[in-house]
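Output the structure for:
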Amino acid sequence: MTNTNETGRALSEEELQDLVSSADAGARNPVGPIGTFLAVVAIIWSVFQVVLASPLSNYLLPGDVINNSRQIHLAFAIFLAFMAYPALKSSPRHRIPIQDWVMGVVGAFIAMYGYFFYDKIVNSGGLADDTDKWVALAGLILLFEGARRALGPAMAIIACIFLAYVFFGSSSWVPEVIQWKGASLKKAMSHMWITTEGVFGIALGVSTKFVFLFVLFGALLDKAGAGNYFIKMAFGALGHLKGGPAKAAVVGSAATGLISGSSIANVVTTGTFTIPLMKRVGFSSEQAGAVEVASSVNGQIMPPVMGAAAFLMVEYVGISYVEVITHAFLPATISYIALVYIVHLEAVKRNMPVLGNRVVSMGKTVGGMAAFFIGFAALCYGVQYPVRAITSILPASGLVLSLLVFLAYVGLLYLAAQGPDLEPDDPNAPDIELPVVGEIYKTGLYYLLPIIVLVYFLMIEQKSPGLSAFWATTLLFAILLTQKPLKAMFRGENDRVERFKDGVVDLLQGLVDGARNMIGIGLATATAGVIVGTVTLTGVGQVMADLVEFLSGGYLVLMLMLVALLSLILGMGLPTTANYIVVSSLMAGVIVELGAQSGLIVPLIAVHLFVFYFGIMADVTPPVGLASFAAAAVSGGDAIRTGFIAFFYSLRTVALPFVFIFNTDLLLIDVTWTQGILVFVFASIAILVFTAGTMGWFLTKSRFYESIALIAVAFVLFRPDYFMDRLYPPFESVELANFEQAVQTAETNDEIRIIVTGPDFDTFETKDTTLVIAVDDGDPAGLMDTFGLVTIFEDGQLLLEEPPFGTPFARTLGGYDFYGDELVRITEIKASASQPAKELIFIPAMLLLLIIAGLQKARAGKQGVPA
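From the prediction side, this is the model:
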């Protein structure tokens, strides 16, 4: 297999794997006793995390270990970082220099400092003394060095800049708009290392509680052989279609991305097989790499893992995990639908050949895939009924259910044993024999069992992500240990003991892989804690809002574009987890605050998904674009050009955040099942039409006005409210004197929006904020008290008192000066007005789409162009 690097030289398979390991698991791999020792340390870390997530953790682990699990988690990550990642490219790969041993051991000790000296820190109230501050500073230096090795220089540089701002924020060389008073070394170190505001904050806590188990789950599932099974199934279903290898790459990368936390690993793992096949059917090196990049990076926005960002969103947004993945599901799904369509249009435009000689119906393929996913979802949902029946009847229901799962596993494994094990194919073989789904699907059905267990506990039982991953991982332990000896038994082979030993080796290697894959994520969340700590200590988040407001001139769309650009810049060179922490800490509050001032009230989850989408686009976009460089190493193409083409293919991922910020129906927020299905159908049509418009090809090559019309149709289908609001305004003005009456007479599900005007507490400049009073099923007459709104109508003005602490608007209005010369007042009131269903706007849009389709079909028929 031949691939290329930046010099155009072909990279070998070994060099490609080194590329992945360098990025995700560490390029150093010592052998002998040292290698064994490090493997044992990695296994101990994995086992510790599994025990920590188990329901028996309180019985198996001492209380102080559980309470200080973040410190232990970081200690493992720092120690293994210095062991696995060389300091420089010229550093030895097969042995560990003495200085790395020293830094690894000292770093681990300082990470555990809060555990060893817990009583001292508690007695001091979390304030650092002279010893603490120097220990903490040394810890930060070692943390940054470990992050530089594991994550590249970007993360460490950004963290150093923020830390420098903490100390030197009052210096004359700092722009006046972001100056602050600065902090002493003792105060800064207390905040960053001793308390839970910095390094040991929420992000590291999420990494400890949830992320490790999901990364380990993915590593074990791949070790069991599921990754190869998913890729073969994708190629069996789609490989024989026009542009089939690219379509299979999209679906295979989506399946891999479901459980992967790394877009780079996804690119190389699936790309080594998919990219050469894409090139064989006519894709250029850059296009083939770009398809793989767009597919792999999109895996980071696909639930349930979302590059580990889903678990962070739970903590930052304050909603349940089920709600997070529900809101994230539809945009991610239609984004992948669009990518498959992009590939299809590229294949049709170039009239690409198909692989193999088997005739496959596109309709049957799509129908079969849809039936599979619907059946899988129905199985995950329907299993709750027999489970509940068993738990209500039998006293030892846990043992009975475990036995039933094991029996199901044995049955599916028996099916798998009837055929040969799946071996990875060579994409450069002279004759490509793509697998037949009907022949291979049975060989990996049992891989779905751990996924069903995971989804069941997450979605149906709604257990914590950590506990859900624990049960799914426990099942994977059993699968890895038993799948080979049981297959040997079913096939009548005599080497069952050897196969069991192979299973033990696979399990231990999976534990090692899971730990090594977590090194970077553990360091990323810890280092990002410094950035979060800087934001909370200095208030720089408010400064970012002021900066964006100044640059945008108060224009809402321009403000969103600036936030998107800043998120893209901040995300460059960062892994997904750290990327989300950084962009959400700095940018999410900007959208919330400036949006409220402009009358845009957006649910917090929409804001966080907005910045997250643009943050991960940094993996695509030159000049950094780490995933694009990895794809170029596989494809033999130019990395920069690959990045630009991948960005073009990712335009729908760029457009979607702007859509769901204004139309939260796409996030399935406050929609019924019927509405949800309708939204899915028309959003899918919209994204396909948008793709056709931007690709310049629908049923045939589009004329420029047809492309414009297609993009317009997509906009109407995405934003029917934009046009309906102009025909029938959703709100009507209310006289200021009638405010309380309007609130008391409002009906359930109505909204009342008020614009508050008054002086800013810090700058004393007049500002506006829009507040929303949502009327629920409670007593409308008590809403004023519930929201803490005390008003006085005086001299034609509706004056507003400061809301009591703990009421819904207390924090929002905390930035106003209620005791100055200029009074805080309500200047405008709007109440919900009756409005026809916005979906009526779909009718003219679909008629226009049919007209365009008719024109193109007639033209294609005359030209003999394949549609």
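
Next, the contact list for the spatially most central residue of the chain, please.
For the chain, Met306 is the residue whose C-alpha lies nearest the centre (CA atoms, centre = their mean; 2.9 Å). Applying CB atoms under 8 Å, 6 or more residues apart in numbering, one finds that Met306 lies in contact with 300, 313, 325, 328, 576, 612. Every residue, glycine included, has its C-beta placed from N, CA and C.

Quick check, pLDDT for the first one.
In this prediction, Gln300 carries a pLDDT score of 80.

didn't it look like it was pressed against Ile616?
Yes: using CB atoms under 8 Å, Gln300 makes contact with Ile616 at a distance of 4.9 Å.

What is the neighbour count of Lys181?
Residues lying near Lys181 (other CB atoms under 10 Å) number 7.

On the three-state scheme, it is what?
coil (DSSP: H, G, I helix; E, B strand; the rest coil).

what's the spacing between it and Gly541?
Counting by CB to CB, to the nearest Å, the gap from Lys181 to Gly541 is 16 Å.

same thing with Leu823?
Relative to Gly541, and taking CB to CB, Leu823 is found at 27 Å.

for Ser552, same thing?
With CB to CB as the criterion, Ser552 and Gly541 are 17 Å apart.

need the helices for the stretch 751-867 of the chain, in chain order.
783-786, 842-863 (DSSP state H, counting those that start in this stretch).

Turn those into TSV, including distance to Ala77 and mean neighbour count.
Listed next are the helices of the stretch 751-867 of the chain as TSV, based on distance: least, CB to CB, whole Å; neighbours: other CB atoms under 10 Å:
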stretch	distance to Ala77	mean neighbour count
helix 783-786	45	15
helix 842-863	51	15
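
now for the ones you listed, which one comes closest to Phe647?
Closest to Phe647 of those, according to CB to CB: helix 842-863, at 26.5 Å.

CA-only coordinates of the closest one in PDB, if you can.
Backbone C-alpha positions of helix 842-863 (Å, rounded to 0.1, in the frame of the first residue of the first chain) are rendered in PDB as follows:
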ATOM      1  CA  PHE A 842     -43.300  24.300   2.600                       C
ATOM      2  CA  ILE A 843     -45.900  24.100  -0.100                       C
ATOM      3  CA  PRO A 844     -44.600  26.900  -2.400                       C
ATOM      4  CA  ALA A 845     -41.100  25.800  -1.700                       C
ATOM      5  CA  MET A 846     -41.800  22.200  -2.800                       C
ATOM      6  CA  LEU A 847     -43.700  23.500  -5.900                       C
ATOM      7  CA  LEU A 848     -40.600  25.500  -6.900                       C
ATOM      8  CA  LEU A 849     -38.400  22.400  -6.400                       C
ATOM      9  CA  LEU A 850     -40.700  20.300  -8.600                       C
ATOM     10  CA  ILE A 851     -40.500  23.000 -11.400                       C
ATOM     11  CA  ILE A 852     -36.700  22.900 -11.200                       C
ATOM     12  CA  ALA A 853     -36.700  19.100 -11.300                       C
ATOM     13  CA  GLY A 854     -39.000  19.100 -14.300                       C
ATOM     14  CA  LEU A 855     -36.800  21.600 -16.200                       C
ATOM     15  CA  GLN A 856     -33.700  19.600 -15.400                       C
ATOM     16  CA  LYS A 857     -35.300  16.200 -16.300                       C
ATOM     17  CA  ALA A 858     -36.400  17.500 -19.700                       C
ATOM     18  CA  ARG A 859     -32.900  18.900 -20.400                       C
ATOM     19  CA  ALA A 860     -31.200  15.700 -19.200                       C
ATOM     20  CA  GLY A 861     -33.400  13.600 -21.400                       C
ATOM     21  CA  LYS A 862     -32.400  15.700 -24.500                       C
ATOM     22  CA  GLN A 863     -28.700  15.600 -23.600                       C
END
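
Let me see the mean pLDDT of it.
91.

same deal with stretch 165-172?
84.

ok, Gly806 - how many residues close by?
8.

Against Ala234, how distant is it?
Distance from Gly806 to Ala234, by CB to CB: 52 Å.

Can you give me the domain assignment for this structure?
As assigned by automatic domain parsing, the chain contains the domains 24-547, 671-730+839-867, 731-834.

Low-confidence regions, the stretch 601-750 of the chain specifically.
623-624 (pLDDT under 70).

all helices for it, in order.
604-616, 626-635, 639-649, 651-662, 673-695, 704-718, 720-727, 739-744.

Quick one: closest of the ones you listed to Leu562.
Here helix 604-616 is closest among these (CB to CB), at 10.9 Å.

got the angle for the closest one vs helix 651-662?
160 degrees (axes from the mean of the first three to the mean of the last three CA atoms, to 10 degrees).

Now helix 604-616 - C-alpha only, PDB.
Only the C-alpha atoms of helix 604-616 are listed here, as PDB (Å, rounded to 0.1, in the frame of the first residue of the first chain):
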ATOM      1  CA  LEU A 604     -28.100  27.000  25.800                       C
ATOM      2  CA  ILE A 605     -27.700  23.600  24.100                       C
ATOM      3  CA  ALA A 606     -28.000  25.300  20.700                       C
ATOM      4  CA  VAL A 607     -25.300  27.800  21.600                       C
ATOM      5  CA  HIS A 608     -22.900  25.100  22.700                       C
ATOM      6  CA  LEU A 609     -23.600  23.000  19.600                       C
ATOM      7  CA  PHE A 610     -23.000  26.100  17.500                       C
ATOM      8  CA  VAL A 611     -19.500  26.700  18.800                       C
ATOM      9  CA  PHE A 612     -18.700  23.000  18.900                       C
ATOM     10  CA  TYR A 613     -19.500  22.600  15.200                       C
ATOM     11  CA  PHE A 614     -17.100  25.400  14.300                       C
ATOM     12  CA  GLY A 615     -14.500  24.300  16.700                       C
ATOM     13  CA  ILE A 616     -14.200  20.800  15.100                       C
END
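
tell me which strands and helices it is in contact with?
Counting contacts by 3 or more CB pairs under 8 Å, 6 or more residues apart in numbering; DSSP states H and E, helix 604-616 is packed against helix 309-317, helix 321-350, helix 556-570, helix 576-583, helix 589-597, helix 651-662.

residues in contact with Gly107?
75, 78-79, 81-82, 139, 142-143, 146.

pLDDT at it, what is it?
Gly107 is given a pLDDT of 96.

So it versus Ser91, what's the distance?
With CB to CB as the criterion, Gly107 and Ser91 are 17 Å apart.

before we move on, what about Phe457?
Taken as CB to CB, the span from Phe457 to Ser91 is 43 Å.

Neighbour count for the two, which is higher?
The residue with more neighbours, out of Phe457 and Ser91, is Phe457; 19 against 15, by other CB under 10 Å.

Quick check, Asn266 in contact with Gly299.
Yes: judged on CB under 8 Å, Asn266 makes contact with Gly299 at a distance of 5.4 Å.

Next, the contact list for Tyr381, please.
Neighbours of Tyr381 in contact, by CB under 8 Å, 6+ apart: 459-460.

redo that, cut-off 7 Å
Ile460 (CB atoms under 7 Å, 6 or more residues apart in numbering).

Buried residues, the one helix or strand it maps to. List them.
Using DSSP states H and E, Tyr381 sits within helix 362-382. By neighbour count with 16 or more other CB atoms under 10 Å, helix 362-382 contains the buried residues 365, 369, 380.

Next secondary structure after it?
Heading C-terminal from helix 362-382 (DSSP H and E), you reach helix 384-393.

and that next one, what other elements does it pack with?
helix 397-417 (3 or more CB pairs under 7 Å, 6 or more residues apart in numbering; DSSP states H and E).

Please tell me I have it right and Pro304 contacts Thr326.
No: judged on CB atoms under 7 Å, Pro304 makes no contact with Thr326 at a distance of 10.6 Å.
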